[in-house]
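[1] sequence and predicted structure, then a few things I'm wondering about:
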Amino acid sequence: MAKFKTKRDKSLKPISTASLPDVVFMLLFFFMISVSFRQVERVVTVRLPEATEIAKLDRKDLASHINIGSPIPAFQAQYGTDSRIQLNDTFSTIDDIRDFIAASRESMSEADRPLMTVNLKVDENVRMGIVTDVKQELRRCSALKIMYSTRKKTEHSGF
């Protein structure tokens with residue numbers, strides 16, 4: 001005598017999605033905490049020179065950024081194509097650097113002021129006269145910790 005098997009429901013059980021919102025919120029909080037947003041919009045073109053040794057800033061919140069390069073195409077009609085100095089979001093002159101450093105120091109706590117670093121981002125085609133003038137002005141206002149932003153040197157192979 002043959003045995004007849006009853007048909008069973010072969011569909012899979014549904015996957016529980018009760019913990020899905022928790023996982024999504026954890027990922028959201030992780031990325032909100034770990035991502036830092038650009039604080040200053042660059043209005044000059046800066047192609048950084050290559051470097052063989054690179055040092056990272058210990059605390060980025062103690063750095064003041066000075067960009068030196070040609071204006072981006074949107075501003076070239078107004079400012080020309082000569083190299084310009086950018087402090088925060090505006091074009092500035094060498095005379096404005098002293099006020100910029102003073103304002104940066106005022107925004108820091110008393111304990112952090114000696115740790116302030118000036119980060120120079122200079123285009124590789126800028127004449128050294130402008131960079132020297134900026135460095136001299138930084139010396140006059142006692143901003144002696146200066147770092148240069150560079151890009152890491154890449155090895156070219158296959159030639």
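    Nice, I can see it.
[2] in this protein, which spans are helices?
    Taking DSSP state H as the test, the helices found in the chain are 20-34, 73-79, 97-106, 128-140.
[3] S149: which of these is closest?
    For S149, the closest of these is helix 128-140, at 12.6 Å, according to C-beta to C-beta. Placement of C-beta: from N, CA and C, glycine included.
[4] in the closest one, what counts as buried?
    Buried positions in helix 128-140, judged by neighbour count with 16 or more other C-beta atoms under 10 Å: I130, V131, V134, K135, E137, L138.
[5] quick one: mean pLDDT over that helix.
    Across helix 128-140, pLDDT averages out at 93.
[6] and if you look at stretch 32-44?
    77.
[7] any idea which of the helices of the chain is most buried?
    Of those, the one with the most neighbours on average (mean count of other C-beta atoms under 10 Å) is helix 97-106, at a mean of 16.
[8] mind listing what the lengthiest strand in the chain pairs with, with the direction of each?
    Longest strand in the chain by number of residues, with DSSP state E as the criterion: strand 63-71. Applying DSSP bridges, strand 63-71 is found paired with strand 44-45 (antiparallel), strand 84-87 (antiparallel), strand 117-122 (parallel).
[9] low-confidence regions, the protein specifically.
    1-10, 37-39, 151-159 (pLDDT under 70).
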